[in-house]
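Enquirer: take a look and give me a structure for this.
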Amino acid sequence: MKDECGATEDSIRRAHLLVVARHLTELSLGRHGEMMILREPFTTRFHDKPIVASAQEFHVASIALEGRFWQRRPLRPNILEMLLPCDCWSPGEGFKDRAMKSGLRIIGLVFLCLVGLISSVYAAEGNYSLILAEYGKDSDGAQTQTLVRYHFKSGVMVAKESILTARTSDLRYDLGRNQIYNNRYVITGWGDVIDLTTRQILFKSRGTLVGLDQSSDKVVVRVERDDASGVYAFDLASHQNRSIERSSTWAMPGTASPNGRLSASGQGGEIWLHRPNGEKTRLGSDFWQGGTMECSSLAMPTFIWVDDKHLLTQRGNGHLVVVDVEGKAEPLVTIPNVDAPACGPQLRRDSENQIYYQGKQKAWRIDIANRTFEPYLWEASGNGFDREYQRNALYGQVIRYRGKEIGRCWCDSAATTPGHIAVEFGPVGSNLGYPEGVKVWSAETDVWITLKPDWLVSIIGWIEE
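Expert: Next up is the predicted model:
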């Protein structure tokens, strides 16, 4: 049931908790300089209906309203300032005095207007779980890897549970990129499939992941072994694994075009175009990049699909060219003084579909339409989050949400969902290949919390509850 301001009973209750929490914390901060700990349930009434709040609910409500208690500083905004944006009610002059005299009660439409401010936050953010992979050992001393689920409610971690444990020799998340599909399945870089709901391994891959066929909910894997070879598709619904015909677009080697009808692969300075019928065309042989002999894949040219008919690649470091599917190459931009990493500069695309050219320390955003480039300063992480691209030796990276700085840390490997970000972190200057743990921030709390597993493998991603 909703009132004239569109508030539900649940959102009214949350709003009530938030306002009461503000009263408590303002009084407590004024007297003691720190948050008051509520040890007993608090009971009040709203429209003659009892509202009972536990200490945990008060903690959640307080953090959702003002996530800076740990800084031990007074809460600046008062209730009147919070109500000003509301269109459906305008408070009278004596409201603040009456509210304070009444102790902890909020009467009538004051609540309903506050609901508009609070419920929109809850609706936007929701409750999520963060999935991590963590190392361990079994009773025989063999190394294991466990999927662990951290439950977050209104931005606060409320529970933790282990999902599945397997020996590293049987199942691993430390090689290649892992992803979560359909809010349920963990897909490893090898193509293994783990069902988070049933806590079972549904499919053990014998090859490497080609991709996910979202039109049919199938996991496509390429197998190249002495006893088996080919491309196979595991059906998430039927749990059947079947071979794919060689004429299928999924059977083409290399990187598929956006529409999936072509693919491209590279070796040495050559880039080859592949078609479903098996036809193979060389697009050119002078797409070299410079690096060092420390890299085992230096002979692989860097390229990225721009659209279904064009590839972006390079003819030597910094000299970017666009090549069409007929092999015609056209210079695009020349970036001077590119400091190449060991495997040479790489062309990449971020979560906001921006193409950037990655050097050893710097990167450049490539604007193909306008044939220009500029420094790539902020790496998009998705859902309104981005991170300072170049790591600062003093603090690491600035992390922003919707353009506003929310923190700084020596971090890597970000995973985001609406209103939440998780990053692997370590001490300033440390090797992030061995992170100390994970830091999590929520827009609802505006507070960073730290998760420190005994031995972190990696962040897998977020799921919505």
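Enquirer: paired strands for the host helix or strand of residue 148, with orientation please.
Expert: Following DSSP states H and E, one finds residue 148 within strand 143-153. Its sheet considered, strand 143-153 pairs with strand 128-137 (antiparallel), strand 156-167 (antiparallel) by DSSP bridges.
Enquirer: who touches the helix or strand following the longest one?
Expert: Toward the C-terminus, strand 156-167 is succeeded by strand 179-181 as the next helix or strand (DSSP H and E). Outside strand 179-181, the residues that touch it by CB atoms under 8 Å, 6 or more residues apart in numbering are 131, 186-187, 196, 212, 219, 236, 460-463. The C-beta positions use only the backbone N, C-alpha and C, and glycine is treated the same way.
Enquirer: at 10 Å what do you get?
Expert: 131, 185-189, 193-194, 196, 209, 212, 214, 217, 219, 236, 415, 417, 460-463 (CB atoms under 10 Å, 6 or more residues apart in numbering).
Enquirer: likewise stretch 270-285?
Expert: With contact meaning CB under 10 Å, 6+ apart, stretch 270-285 is reached by 245-257, 260-266, 268-269, 286-288, 299, 301-303, 311, 313, 315, 321, 323-329.
Enquirer: from these, list just the buried residues.
Expert: Among the contacts of stretch 270-285, those classed as buried by 16 or more other CB atoms under 10 Å are 249-252, 255-257, 260, 262-266, 269, 287-288, 299, 301-303, 311, 313, 315, 321, 323, 325, 329.
Enquirer: contacts only, for the closest residue to residue 134 other than its chain neighbours.
Expert: Distances taken as CB to CB, 6 or more residues apart in numbering place residue 453 nearest to residue 134, at 4.3 Å, with adjacent residues excluded. Counting by CB under 10 Å, 6+ apart, residue 453 touches 132-136, 146, 148, 150, 160, 435-438.
Enquirer: swap the cut-off to 8 Å and go again
Expert: Per CB under 8 Å, 6+ apart, neighbours of residue 453: 132, 134, 148, 437-438.
Enquirer: try residue 430
Expert: 410, 436 are the contacts of residue 430 under CB under 8 Å, 6+ apart.
Enquirer: where does it sit: helix, strand or coil?
Expert: coil (DSSP: H, G, I helix; E, B strand; the rest coil).
Enquirer: mind pulling the model confidence for it?
Expert: pLDDT recorded at residue 430 is 97.
Enquirer: can you start the count at 27 instead of 1 from here on
Expert: Sure thing, new numbering starts at 27, so read that last one as residue 456.
Enquirer: measure it to residue 463 for me?
Expert: 12 Å (CB to CB, to the nearest Å).
Enquirer: residue 427 now?
Expert: Shown here: residue 427 relative to residue 463, a distance of 21 Å by CB to CB.
Enquirer: kindly report the same for residue 368.
Expert: Distance from residue 368 to residue 463, by CB to CB: 28 Å.
Enquirer: repeat for residue 245
Expert: Relative to residue 463, and taking CB to CB, residue 245 is found at 30 Å.
Enquirer: same deal with residue 335?
Expert: For residue 335 relative to residue 463 (CB to CB), the value is 45 Å.
Enquirer: with residue 207 instead?
Expert: For residue 207, the distance to residue 463 - CB to CB - is 26 Å.
Enquirer: returning to that earlier point: for the strand holding residue 174, output the C-alpha coordinates as PDB.
Expert: Output of strand 169-179 as PDB, limited to C-alpha atoms (Å, rounded to 0.1, in the frame of the first residue of the first chain):
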ATOM      1  CA  GLN A 169      46.000 -26.500  -1.900                       C
ATOM      2  CA  THR A 170      42.400 -25.700  -2.500                       C
ATOM      3  CA  GLN A 171      40.400 -22.800  -4.000                       C
ATOM      4  CA  THR A 172      37.000 -21.900  -2.500                       C
ATOM      5  CA  LEU A 173      34.300 -19.600  -3.800                       C
ATOM      6  CA  VAL A 174      33.100 -17.400  -0.900                       C
ATOM      7  CA  ARG A 175      30.000 -15.300  -0.900                       C
ATOM      8  CA  TYR A 176      29.800 -12.000   1.100                       C
ATOM      9  CA  HIS A 177      26.300 -10.800   1.500                       C
ATOM     10  CA  PHE A 178      25.700  -7.000   1.500                       C
ATOM     11  CA  LYS A 179      22.400  -5.400   2.600                       C
END
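Enquirer: so for that strand, what's the average pLDDT?
Expert: Strand 169-179 comes out at a mean pLDDT of 97.
Enquirer: list the buried ones in it?
Expert: Buried, per 16+ other CB under 10 Å, within strand 169-179: 170-176, 178-179.
Enquirer: one more: stretch 376-396?
Expert: 376, 381-385, 388-392, 394.
Enquirer: and it, C-alpha only, in PDB?
Expert: Extracted as PDB, the C-alpha positions of stretch 376-396 are listed here (Å, rounded to 0.1, in the frame of the first residue of the first chain):
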ATOM      1  CA  ASP A 376      37.000  -0.400 -21.500                       C
ATOM      2  CA  SER A 377      33.600  -0.900 -19.900                       C
ATOM      3  CA  GLU A 378      32.200   2.200 -21.500                       C
ATOM      4  CA  ASN A 379      33.300   1.000 -25.000                       C
ATOM      5  CA  GLN A 380      36.200   3.500 -25.200                       C
ATOM      6  CA  ILE A 381      39.200   2.300 -27.200                       C
ATOM      7  CA  TYR A 382      42.600   3.100 -25.700                       C
ATOM      8  CA  TYR A 383      46.200   2.400 -26.600                       C
ATOM      9  CA  GLN A 384      48.200   1.100 -23.600                       C
ATOM     10  CA  GLY A 385      51.900   1.800 -23.200                       C
ATOM     11  CA  LYS A 386      54.100   0.900 -20.300                       C
ATOM     12  CA  GLN A 387      53.100   3.800 -18.000                       C
ATOM     13  CA  LYS A 388      50.700   5.900 -20.000                       C
ATOM     14  CA  ALA A 389      47.700   5.300 -22.300                       C
ATOM     15  CA  TRP A 390      45.900   7.300 -24.900                       C
ATOM     16  CA  ARG A 391      42.200   7.300 -25.800                       C
ATOM     17  CA  ILE A 392      41.600   6.900 -29.500                       C
ATOM     18  CA  ASP A 393      38.800   8.800 -31.200                       C
ATOM     19  CA  ILE A 394      38.400   7.100 -34.500                       C
ATOM     20  CA  ALA A 395      35.600   9.200 -35.900                       C
ATOM     21  CA  ASN A 396      37.700  12.400 -35.400                       C
END
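Enquirer: that concludes my questions; thank you for your assistance.
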